[in-house]
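Q: Attaching a predicted model along with its sequence, questions to come.
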Amino acid sequence: MDRIRIRGGRRLEGRIAIGGAKNAALPLMATGLLTEQAVVLTNAPALADVATMGHLIAQHGLTVEHDTEGRRILLDGAASQFEAPYDLVRKMRASILVLGPLLARYGQARVSLPGGCAIGTRPVDLHLKGLEQMGARIDLAAGYIDAKVEGRLKGARILFPQVSVGATENLLMAAALAEGTTQLVNAAREPEITDLANCLISMGARIEGVGSDRLTIEGVDSLHGTTHAILPDRIEAGTFACAGAITGGELLLEGMTLELFGACTRSLREAGVEMEQEAEGVRARRLNGLHGVDVMTEPFPGFATDMQAQFMALMAVAEGASMITETIFENRFMHVPELTRMGARINAHGSSAIVRGVPRLSGAPVMATDLRASVSLIIAGLAAEGETVVNRVYHLDRGYERVERKLAAVGADIERIPG
Ligand SMILES: CC(=O)N[C@H]1[C@@H](OP(=O)(O)OP(=O)(O)OC[C@H]2O[C@@H](n3ccc(=O)[nH]c3=O)[C@H](O)[C@@H]2O)O[C@H](CO)[C@@H](O)[C@@H]1O
Ligand SMILES: C=C(OP(=O)(O)O)C(=O)O
């Protein structure tokens, strides 16, 4: 398995092109199942998760072409097979996003239950309850969700007891083709959901309340093809903002807009990172020293859980203390022991961690069991004295396109060691 080697201490400066968002690309690819006409996605990132979603949609019977150079994905044709097997779902939990579209368009779906993962148990009960409210019959057996509906799904008023990005997306797609009106109340408001809603609207869906926590969907009989540009990846951009800041550097995050960061902008500014919108993107520049800042992860527009590990790496070398509270996933501190091995002073207890900044981290061999934890170790390695080797980088490749090349191009001493 590949590893990433970093020799710390180089200041980062320059421009980084931000790719299309992984978390928008995955639900957008599932929209291909809602129509037999061609759905074309531009600004598509070349990520392992996008490839996995492509395999899954192709396995359902659609033609899927991913032109990685041209950053374009074509999804075309009708589904002829309705099972999402364990082998693909276990690789990527977002596979569950085919459930709503298959059920709405074909009246049936059999999708492996995703099961837990490194960051938490991550149940899918809200997806299933919502579909049941829309008239689906759901049976769980042998590790699979068996879903069927007689005729079409029916519009319903669905009140989420907890904000869920995936459940909002699944039910939004299902509601687009349901009979009658669906209301999604306490819906997630992540920019990727707005992107999905806009794509669905361009396919003929009737959706109101886009960008709010209350979506009203008037179901239509059929949807047509479209061409849609995937929005920029705010998590990739935020990751590079932290990477630049920890080295005292300055980066232009090309294509990025400040609003997409939500509360992350304020937290980075409070920590001492200037964040300015420019015509070509967001400029992130460390002014002087870094300061400890408290953050709590929350649904958008709150501080993103997918930025928590990277921000913690930054706080590890800030002046003063920082309290980091994770409210979305129950086990998202796996980077703590590894950062500690690099000299960070972090005390994690339950859902909170106190980080006491140290003047310097030291390089070490490290390993992470999830995507953002892995990249937080790269960020720490950029500032550490000596060499850091991040093992098991397949997690990284799920969500970052050629991260080592992008960082090397702005001055990092970083390389991939093929395994
Ligand atoms: C592909 C994708 O877009 N992934 C993102 C998505 O994941 P994902 O859509 O899986 O995350 P959710 O927003 O659904 O999860 C939020 C919380 O709700 C809980 N929950 C969720 C569904 C459910 O049926 N029951 C339930 O209890 C989860 O366990 C978690 O504690 O949003 C997360 C929260 O911003 C991000 O970290 C992930 O990067
Ligand atoms: C948790 C993440 O992704 P997923 O929901 O695909 O596991 C992530 O992108 O940080």
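A: Thanks, I have it. Numbers count the residues shown, from 1 in each chain. Ligands and ions are numbered 1, 2, ... in the order given.
Q: quick one: the lowest-mean-pLDDT helix or strand in the chain to chain centroid distance?
A: Every helix and strand of the chain was ranked by mean pLDDT, DSSP states H and E. The lowest is helix 394-399, at a mean of 91. Between the centre of helix 394-399 and the centre of its chain there are 11 Å (CA atoms, centre = their mean, to the nearest Å).
Q: List the contacts of stretch 274-286.
A: 15, 18, 237, 240-241, 244-245, 247-258, 261, 265, 268-269, 272-273, 287 (CB atoms under 8 Å, 6 or more residues apart in numbering). Quick note: C-beta positions are derived from backbone N, CA and C, even for glycine.
Q: Apologies, that question was intended for stretch 136-151.
A: 86, 99, 102-103, 107-113, 115, 124, 128, 131-132, 134-135, 153, 179.
Q: re earlier: tell me if the least confident helix or strand of the chain is near ligand 2.
A: Yes - on the criterion CB under 6 Å from any ligand atom, helix 394-399 is in touch with ligand 2 at residue 399.
Q: Next secondary structure after that helix?
A: helix 403-408 (DSSP states H and E).
Q: Check which residues of that next one are buried.
A: Buried positions in helix 403-408, judged by neighbour count with 16 or more other CB atoms under 10 Å: 403-404, 406-408.
Q: residues touching residue 53, list them.
A: By CB under 8 Å, 6+ apart, the contact set of residue 53 is 25-26, 29-30, 92, 94-95.
Q: Keep only those of the contacts of stretch 274-286 that are in helices.
A: The helices, defined by DSSP state H, take in 237, 240-241, 244-245, 265, 268-269 from the contacts of stretch 274-286.
Q: Selecting buried members of those in ChimeraX, what would you type?
A: A single ChimeraX command is used to select the members of the ones in helices among the contacts of stretch 274-286 judged buried by 16+ other CB under 10 Å:
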select :237,240,241,244,245,265,268
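Q: How are the helices of the protein distributed by residue range?
A: Using DSSP H, helices in the chain cover 22-30, 48-59, 86-89, 99-106, 125-133, 165-176, 191-202, 234-246, 264-271, 308-315, 335-341, 371-383, 394-399, 403-408.
Q: In CSV: those, plus distance to residue 362.
A: Output for those, formatted as CSV (distance: least, CB to CB, whole Å):
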stretch, distance to residue 362
helix 22-30, 31
helix 48-59, 30
helix 86-89, 40
helix 99-106, 46
helix 125-133, 43
helix 165-176, 37
helix 191-202, 37
helix 234-246, 14
helix 264-271, 22
helix 308-315, 14
helix 335-341, 9
helix 371-383, 10
helix 394-399, 22
helix 403-408, 20
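Q: Would you single out the least confident of those helices?
A: Among the helices of the chain, helix 394-399 carries the lowest mean pLDDT, at a mean of 91.
Q: The spatially closest residue to residue 90 that is not a sequence neighbour: how many residues sit nearby?
A: Once flanking residues are discounted, residue 90 sits nearest to residue 115: 6.7 Å by CB to CB, 6 or more residues apart in numbering. If you count neighbours by other CB atoms under 10 Å, residue 115 ends up with 14.
Q: what's the pLDDT at residue 115?
A: Note on residue 115: pLDDT of 74.
Q: go on, residue 392?
A: The confidence metric pLDDT takes the value 87 at residue 392.
Q: so it sits right up against residue 374, yeah?
A: Yes - contact criterion CB atoms under 8 Å: residue 392 and residue 374 qualify, at 7.5 Å.
Q: what is in contact with the two at once?
A: residue 368.
Q: quick one: which of these two has more around it?
A: residue 374 (29 against 16).
Q: Just give the closest residue to that one, not the sequence neighbours.
A: Using CB to CB, 6+ apart, the nearest residue to residue 374 is residue 368, at 4.0 Å.
Q: contacting residues around that neighbour?
A: By CB under 8 Å, 6+ apart, the neighbours of residue 368 are 334-335, 338, 374, 376-377, 390, 392, 395.
Q: and which of these is nearest residue 45?
A: Of all the contacts of residue 368, residue 45 sits closest to residue 395, with 15.6 Å by CB to CB.
Q: Just to check, the closest one is in contact with residue 367?
A: No - at 9.7 Å, residue 395 does not count as touching residue 367 under the criterion of CB under 8 Å.
Q: Give me the neighbour count for the nearest residue to residue 354 once chain neighbours are set aside.
A: Leaving aside its chain neighbours, residue 354 sits nearest to residue 347 (4.8 Å; criterion: CB to CB, 6+ apart). A total of 13 residues lie near residue 347 under the criterion other CB under 10 Å.
Q: isn't residue 347 right up against residue 353?
A: Yes - at 6.6 Å, residue 347 and residue 353 qualify as touching, with contact defined as CB under 8 Å.
Q: Number of residues surrounding the closest residue to ligand 2 within the chain?
A: Using CB to the nearest ligand atom, residue 306 is the residue of the chain that sits closest to ligand 2, at 4.0 Å. Residue 306: 26 surrounding residues under other CB under 10 Å.
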